[in-house]
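Enquirer: coords below, sequence missing:
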Ligand code: GLA
């Protein structure tokens, strides 16, 4: 009996397989097996003891004592450590046939849970708590939302990742590992000559905000058609940009192929060009993009050549997995590498840096050949996200100018989760801060209101003003006033009502630096001239709405 007990303990610390082949590791399951074994053995032992009571009494007592010591040891070691281990999460199969993996390593100490989650895109330190089978762990960078929250169920972790993605983690085997990436030293810094593009903020459309991975050749063609038929192209929206998830795998020569959704990128570029539009594409300096597809790490020149040979006109280059390899003080050198590679192709390709505003990009973006750079994390189709993004880039204002633009991310106008007033404010603010105007909606099916916002040429003219100044805000209670000097000496002034109720906004001519009394003032949403009286103009601005004027002394 003592021998059997020892065998059970050894068994408990190894992985077991159930009949269906599903791996069940974890002490809860094992404890149950162990407990059942213990009871069975106890009954057998009692029967034996019954028969041999006299002769075996001493031996029985020893065996019972051993059993209890074993049970106590198991309880101390087992409870409070049930989540400890190495787990694997298999992601959804990508459009290029690859299946990404994340490895989660956890250590449970009573109610405390610590560990890491790693995949080719990121590595994150986790810290949190366990209550019974329920656990919650937070990442250092986002303490408000649990990074993983879930339960231990039959030896698996059933969880929600970052509040949105349901995941199942099973015990990892030795074969479950992440691809090894060798370090490539970034080049010494130098100035990449300007490509002379984007003298005004780039305008166009991007697939990510609405379509995410549901984008393909046919949809891009239909969007291009709609850009023409809706009047978007003629209003200046020229770039049709394919974001993440177009990528296939690399061929034997390392050339990145497209996946099945984009059977012929050159033919697609030809089609888009035939409509008087330009085609954009997406990659990043790390081994993987944010959606887990192959990116340009170690293949910069090769990829730039492919883009040029396909007829690509715009590249959005997204940091993503590069953060697992490089530090923020290497951002410039890493982005310079692709800047050089694009320049070497001889093709005019707008270079859009996407690294969420890290490392003072507004200061060195032009030196790497960049034309625009994100200043924030991803926008969402919500009032708070939109306002947060535009306000975050206030400190970057002095660095904007022709050929070098701060980018608070793509437009959400028409995607349905803000009111038309809020979308008008979104458009007004993006124009005032000279942001790129990349529509992120389905231009094939726009409401009249959406059209009237995106196609408001008077507002577009504020964004596209050749002076290229980025407005900064002045706050007065719930009202925020943004003033943008324009090339012809006039001024754009926007008053945004951040509050929950309508408010009276007063624009004072004296605040506008016009160099003379107001001669002409126009409300760019009402499309009508307005009168300044006694050096001021007053209007009611609805909650979350914006008053947008163009004012001139000439
Ligand atoms: C990042 C970017 C987004 C989008 C996605 C695609 O999150 O910031 O704009 O490009 O990657 O995976």
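Expert: Structure's in. What do you need? Since the structure is predicted, the reported quantities are computational estimates derived from the model, not experimental observations.
Enquirer: for the closest residue to the ligand within the stretch 1-150 of the chain, phi and psi?
Expert: Nearest to the ligand in the stretch 1-150 of the chain, going by C-beta to the nearest ligand atom, is residue 121, at a distance of 9.0 Å. For glycine as for every other residue, the C-beta is placed from the backbone atoms N, C-alpha and C. Note on residue 121: its backbone torsions stand at phi -90, psi -40 [degrees, to the nearest 10].
Enquirer: interface residues of the protein facing the ligand?
Expert: Counting by C-beta under 6 Å from any ligand atom, the chain comes close to the ligand at 208, 243, 244, 289, 290, 291, 318, 354, 378.
Enquirer: give me that answer again for 5 Å
Expert: 208, 243, 244, 290, 291, 378 (C-beta under 5 Å from any ligand atom).
Enquirer: about what we covered before: next one: the residue of the stretch 1-150 of the chain closest to the ligand relative to residue 127, how far apart?
Expert: Distance of residue 121 to residue 127, computed by C-beta to C-beta, to the nearest Å: 20 Å.
Enquirer: could you list every residue that touches residue 301?
Expert: Counting by C-beta atoms under 8 Å, 6 or more residues apart in numbering, residue 301 touches 341, 344.
Enquirer: after the strand or helix carrying it, next one along is what?
Expert: Using DSSP states H and E, residue 301 sits within helix 300-310. Downstream of helix 300-310, the next assigned helix or strand under DSSP H and E is strand 314-318.
Enquirer: Paired strands for that following strand, with orientation please.
Expert: Neighbouring strands of strand 314-318 in its sheet, by DSSP bridges, are strand 278-283 (parallel), strand 350-354 (parallel).
Enquirer: Dump those into JSON lines; add mean pLDDT and mean neighbour count as well.
Expert: Shown next, in JSON lines, are the strands paired with strand 314-318 (pLDDT from 0 to 100; neighbours: other C-beta atoms under 10 Å):
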{"stretch": "strand 278-283", "mean pLDDT": "99", "mean neighbour count": "25"}
{"stretch": "strand 350-354", "mean pLDDT": "99", "mean neighbour count": "25"}
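Enquirer: ok so, going back, count the neighbours of the residue of the stretch 1-150 of the chain closest to the ligand for me.
Expert: Close neighbours of residue 121, defined as other C-beta atoms under 10 Å, add up to 23.
Enquirer: and if you look at residue 81?
Expert: 17.
Enquirer: Same check on residue 506?
Expert: Residue 506: 14 neighbours (other C-beta under 10 Å).
Enquirer: Identify the residues contacting it.
Expert: 536, 537, 538.
Enquirer: confidence score at the first one?
Expert: Looking at residue 536, its pLDDT reads 98.
Enquirer: any idea what sits nearest it, other than its immediate chain neighbours?
Expert: residue 508 (5.0 Å; C-beta to C-beta, 6 or more residues apart in numbering).
Enquirer: likewise residue 475?
Expert: residue 481 (8.0 Å).
Enquirer: Spatially nearest residue to the residue in the stretch 251-400 of the chain that the ligand sits nearest to (excluding sequence neighbours)?
Expert: Relative to the ligand, the nearest point of the stretch 251-400 of the chain is residue 290 (3.3 Å; C-beta to the nearest ligand atom). Distances taken as C-beta to C-beta, 6+ apart put residue 320 closest to residue 290, at 4.2 Å, once the chain neighbours are dropped.
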